[in-house]
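attaching a predicted model along with its sequence, questions to come.
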Amino acid sequence: MKTMIWPFEIVMTFVSLGWAYVMFREVNMFEEQSSRWLVLDATIQEWGVGLITLSLALIKIYGFVLKSNRCRKIGLTLSGVWWSMICAAITMGDGAFSISTGSVAYAGYAVLCFLTSSSIKEGEKVANSNKRGVS
């Protein structure tokens, strides 16, 4: 049996690449929007976040290209951990516990990363992309 590449994997790769692009370009974003990014401003610089998100995207892309379920699974699991940390950072961003649309969205990303990762079977082959849409 062959495993398809889930559309969510592609979306999360795009989100990671988007974050990397923004973080490499906006070198003072955490300082300028400190109320929302207080935790990240205190712990890591923007280029570091860009490097992490770029790495997450490249792990998943590597899995797509080499048809490696193991890389895809690792990439999604690491993405789930990362977006969970982003959710926590946003939730505690202003020094108090506050749930916002951003924290809910990143929590959703993390849950879907973990669920999608658990649906990938390591022993199966990735379906050939020219036979079906995204698979």
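Received, thanks. Residues are numbered from 1 along each chain as shown.

the spatially most central residue of the chain in helix, strand or coil?
For the chain, the residue nearest the mean C-alpha position is residue 79 (4.0 Å; C-alpha atoms, centre = their mean). Put simply, residue 79 is helix when judged by DSSP: H, G, I helix; E, B strand; the rest coil.

now do residue 22
Relying on three-state DSSP, one would call residue 22 helix.

how many other residues sit next to the closest residue to the residue nearest to the centre of the chain other than its chain neighbours?
Ranked by C-beta to C-beta, 6 or more residues apart in numbering and with sequence neighbours excluded, the top spatial neighbour of residue 79 is residue 113, at 4.6 Å. For every residue, glycine as well, the C-beta is placed using N, CA and C. Residue 113 has 24 neighbouring residues, counting by other C-beta atoms under 10 Å.

gap between residue 113 and residue 101?
19 Å (C-beta to C-beta, to the nearest Å).

over to residue 116?
Distance of residue 116 to residue 101, given as C-beta to C-beta: 22 Å.

again with residue 50
Counting by C-beta to C-beta, the gap from residue 50 to residue 101 is 23 Å.

between these two, which has more neighbouring residues?
Comparing residue 50 with residue 101 by other C-beta under 10 Å, the one with more neighbours is residue 50, at 19 against 8.

on contacts alone, who are the packing partners of whichever strand or helix holds the more buried one?
Element membership for residue 50, per DSSP states H and E: helix 46-66. If you count contacts as 3 or more C-beta pairs under 8 Å, 6 or more residues apart in numbering; DSSP states H and E, helix 46-66 packs onto helix 7-25, helix 69-91.

now these as JSON lines including distance to residue 121?
As requested, these are exported to JSON lines (distance: least, C-beta to C-beta, whole Å):
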{"stretch": "helix 7-25", "distance to residue 121": "14"}
{"stretch": "helix 69-91", "distance to residue 121": "7"}
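
need the winner for burial among the ones you listed.
Among the helices and strands packed on helix 46-66, helix 69-91 has the highest mean neighbour count (mean count of other C-beta atoms under 10 Å), at a mean of 20.

lovely, talk soon.
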